[in-house]
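*Asks:* got a predicted structure here, sequence first:
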Amino acid sequence: MLPRYSVPQEQAAMPRVPRDGRDTTLVDAEAPWCINSLTIGELPTILHKHKLPNDFLISHASLGSAESYISATYHWVIKHYDGASPIHKFALLVSYLFSRVAPKLGHGGAPNNISTMKGSTKDITEHVRQVAWVPAAETKSSSSRKGVTKTLPFIVMITTTIIALSDPLSPLRKYMAAHNNSLGPWSQKHGSKFINAFNLVRMGVAYAHAPAIYGSPKYGSMHAWSMKAPLEIAAYAKRFISLLKSNANGPYEATKLVFGTTIASSLNRRSVSSGGMSRGTGLSRSPPRQTFENKRKREHGEIEELELTDDELFEVKRRRRL
DNA sequence: AATTTTATGTGTACTTCCCC
DNA sequence: GGGGAAGTACACATAAAATT
């Protein structure tokens, strides 16, 4: 059986994703909700939410026997999450997008001209921002790298990473401050899911200072990479959120800001070809093909665990009653 | 020397397939 | 259908490699 996360009692009623204007989740910023079952096109409907979604559970980070500062960081983020903070909201939304970009989370090798950028944070950062997102499975016979298919772990782990790295009071930053800026075991645990320096830079929340961003990047403005200042991230986050709710193409534009045109287009493919404004129209005439797994999950009422295929992302999914 | 990444093996949970 | 073998996917531990 799937690791069914437990739903707190007071939130036992399954949150409804807004289907029309009458749904109370549209107007109630406090009402419980889930993020993983949304489509990208539905992201603008939850921008007012103050709380983390119900499916944001620490268990999805599989902390196990991780060192105490790691689990402390997860608990700290859950306790301090503030939906009114642009950075927090951005972190959550981007974590969702990141989980849908998977497994295309890798990148090619360093270009030949990387050394010409040495010394220029601007050049290297702008370069990394444009590097293509490619599947991380490059080993010939063996399958793709492990740990990149389930979406909920990404959502919990990316959100936590961005928020914690952006706040000097987080247990993670305090650990770094006491350990010469090393992220410690955090690097390996999250790096196995491609939550690493390179992708933080590529998503626009961090600077790359040295070609070592392609190697074993150490943290610090004197080394390979560092987070942008909170005010810079906040400005970026505001722009992202503003794009997201700007118009019918908001989700595309916001995805493009963070992940680039290619990813935005590939995630958007289906809805563009079917005439754009499918949002709010309810049923689509030709429902996208579902994976076997998805079908099983629907049958088992595990829709909240649903992992959408690319083609489904922008579709307005018909909700089954639960 | 320190830090991060990559590779490999083990255990576990689930899925798929196949045979009865 | 049921039930077991084979296959898939993951976390975790450990070791090794790469880079600064």
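*Replies:* Sure thing, it's come through.
*Asks:* do stretch A:60-68 and DNA strand B meet at all?
*Replies:* No: judged by C-beta under 7 Å from any atom of the strand, stretch A:60-68 makes no contact with DNA strand B; its nearest approach is 10.3 Å. Using the backbone N, CA and C atoms, a C-beta is placed for each residue, glycine as well.
*Asks:* and that stretch, what's buried?
*Replies:* Within stretch A:60-68, the residues that qualify as buried by neighbour count (16 or more other C-beta atoms under 10 Å) are A:His60, A:Ala61, A:Ala66.
*Asks:* now swap in stretch A:225-242 and tell me
*Replies:* Within stretch A:225-242, the residues that qualify as buried are A:Trp225, A:Ser226, A:Met227, A:Lys228, A:Ile233, A:Ala234, A:Tyr236, A:Ala237, A:Phe240, A:Ile241, counting by 16+ other C-beta under 10 Å.
*Asks:* report whether that stretch contacts DNA strand C.
*Replies:* No: contact of stretch A:225-242 with DNA strand C (C-beta under 7 Å from any atom of the strand) is absent, the minimum separation being 10.7 Å.
*Asks:* which one is A:Gly106 nearest to, not counting chain neighbours?
*Replies:* Nearest residue to A:Gly106, sequence neighbours excluded (C-beta to C-beta, 6 or more residues apart in numbering): A:Ala136, at 3.4 Å.
*Asks:* in JSON lines: the buried residues of stretch A:60-68, plus secondary structure.
*Replies:* JSON lines is the format used below for the buried residues of stretch A:60-68 (DSSP: H, G, I helix; E, B strand; the rest coil):
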{"residue": "A:His60", "secondary structure": "helix"}
{"residue": "A:Ala61", "secondary structure": "helix"}
{"residue": "A:Ala66", "secondary structure": "coil"}
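*Asks:* filter those residues by proximity to DNA strand C?
*Replies:* Within these, those near DNA strand C by C-beta under 7 Å from any atom of the strand are A:Ala66.
*Asks:* nearest to A:Asn247, of the buried residues of stretch A:60-68?
*Replies:* Of all the buried residues of stretch A:60-68, A:His60 has the smallest distance to A:Asn247: 32.6 Å, by C-beta to C-beta.
*Asks:* so how far is A:Leu105 from that closest one?
*Replies:* Distance, A:His60 to A:Leu105, by C-beta to C-beta, to the nearest Å: 17 Å.
*Asks:* give me the neighbour count for A:Pro168.
*Replies:* Residues lying near A:Pro168 (other C-beta atoms under 10 Å) number 11.
*Asks:* what does chain A put close to DNA strand C?
*Replies:* Near DNA strand C, when you scan chain A using C-beta under 7 Å from any atom of the strand, you find A:62-66, A:143-144, A:146-150, A:153, A:188-189, A:192-193, A:210-212, A:215-216, A:218, A:223-224.
*Asks:* apply 6 Å and report the result again.
*Replies:* For chain A, the residues in contact with DNA strand C (C-beta under 6 Å from any atom of the strand) are A:62-65, A:143, A:146-150, A:153, A:211-212, A:215-216, A:218, A:223.
*Asks:* so who does the most centrally placed residue in chain A touch?
*Replies:* Chain A has A:Ser95 as the residue nearest its centroid, 1.2 Å off, counting by C-alpha atoms, centre = their mean. Residues in contact with A:Ser95, defined by C-beta atoms under 8 Å, 6 or more residues apart in numbering, are A:Phe154, A:Ile155, A:Val156, A:Met157, A:Ile158, A:Thr159, A:Ile162.
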